[in-house]
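Asker: Here is a sequence with its predicted model. Questions after.
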Amino acid sequence: MDKEIRLVFHNRGLRSYIEVDLCYECPRQDQKGCCAYYSPVFYPSDFVYWLKTKPDLIDYLFSLPHLTVLDASVTLNHVIDGLSYRCRFHSKESGCLLEQHNRESICRHFVCPGISWEKEPSLAHWKTFFDSLNDYEIKLNNQLADILKAQNLSLRNPTQRSEIFALLPAELERLTKDSPAFFSSCPEREEAVIIRPVSYGGEWPL
């Protein structure tokens with residue numbers, strides 16, 4: 001059946017994200033949708049944002065079990081849930097426990113392929129924006145990881161984490177002093193409604 005799908009694009013620089021109203025009634029109908037397939041990975045730029053907006057999240061993340069902690073990133077590994085998995089930040093009752101701007105990049109940008117909004121000519125500017133943002137985030141996080149490595153700092157070492165989190169904000173500010181041109185290529189907020197055929201159950205692609 002064809003369905004109207006409303007998307008809201010938010011240009012917040014590094015913390016940009018896409019809202020999709022279909023998520024509230026996910027066609028998978030399994031109470032977890034895409035959150036059954038992905039383990040979120042948090043990078044230095046995420047930690048800097050949390051330090052400014054919700055520092056308790058950092059302590060909460062490190063208190064959770066089943067983490068993969070690398071030198072400059074932390075993966076919250078999903079857990080077995082029935083015949084598949086579930087992200088540990090996902091609740092059956094309310095969805096993701098993190099507000100969208102607090103999520104890592106894939107969880108802020110991801111829209112299931114069944115919607116395929118990128119094929120809409122009228123939204124080409126947003127495709128360019130989010131493609132550019134993805135590349136920019138990777139570059140920044142690699143640069144921050146190199147800075148930590150040069151100073152022999154690693155998130156693997158719990159005793160170094162306070163030093164790392166004291167260092168990262170100033171380094172990210174230095175690296176982002178000049179905003180990339182694509183940040184001004186899209187409005188702060190734009191809504192779009194597209195019509196797509198929607199199938200329910202396991203046939204809906206993720």
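Answerer: Received, thanks.

Asker: quick one: contacts of stretch 162-180?
Answerer: 13-14, 44-45, 47-48, 51-52, 58, 132, 136, 140, 143-144, 147-148, 151, 153, 155 (Cβ atoms under 8 Å, 6 or more residues apart in numbering). For glycine as for every other residue, the C-beta is placed from the backbone atoms N, C-alpha and C.

Asker: Could I have the buried ones of those as ChimeraX selection syntax?
Answerer: Applied in ChimeraX, the following selects the buried portion of the contacts of stretch 162-180 according to 16 or more other Cβ atoms under 10 Å:
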select :14,44,45,47,48,51,58,136,140,144,147,148,153,155
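
Asker: didn't His10 look like it was pressed against Pro187?
Answerer: No - judged on Cβ atoms under 8 Å, His10 makes no contact with Pro187 at a distance of 9.6 Å.

Asker: who has more neighbours, those two?
Answerer: His10 (17 against 11; other Cβ atoms under 10 Å).

Asker: gap between the more buried one and Ile194?
Answerer: His10 sits 17 Å away from Ile194, going by Cβ to Cβ, to the nearest Å.

Asker: any idea which helix or strand comes after the longest helix seen in the chain?
Answerer: In the chain, assigned by DSSP state H, the helix with the most residues is helix 124-150. Downstream of helix 124-150, the next assigned helix or strand under DSSP states H and E is helix 161-175.

Asker: Name the residues of that next one that are buried.
Answerer: 161, 164-165, 167-168, 171-172.

Asker: quick one: the helices in this structure?
Answerer: Going by DSSP H, the chain shows helices at 44-53, 56-63, 105-109, 124-150, 161-175.

Asker: so which of these comes closest to Pro205?
Answerer: Pro205 lies closest to helix 105-109 among these, at 16.4 Å (Cβ to Cβ).

Asker: Just list what the closest one packs against, helices and strands only.
Answerer: strand 17-20, helix 124-150 (3 or more Cβ pairs under 8 Å, 6 or more residues apart in numbering; DSSP states H and E).

Asker: helices or strands next to the longest one in the packing?
Answerer: By that I understand helix 124-150. helix 44-53, helix 105-109, helix 161-175.

Asker: quick one: which of the ones you listed is nearest Leu206?
Answerer: Once the helices and strands packed on helix 124-150 are compared by Cβ to Cβ, helix 105-109 is nearest, at 12.5 Å.

Asker: Without its sequence neighbours, what residue ends up closest to Ser132?
Answerer: Phe182 (4.2 Å; Cβ to Cβ, 6 or more residues apart in numbering).

Asker: Surely the one you found is in contact with Phe130?
Answerer: No - shown here, Phe182 and Phe130 do not form a contact pair, counting by Cβ under 8 Å, at 9.5 Å.

Asker: These two - which one has more neighbours?
Answerer: Shown here are Phe182 and Phe130; by other Cβ under 10 Å, Phe130 has more neighbours (21 against 18).
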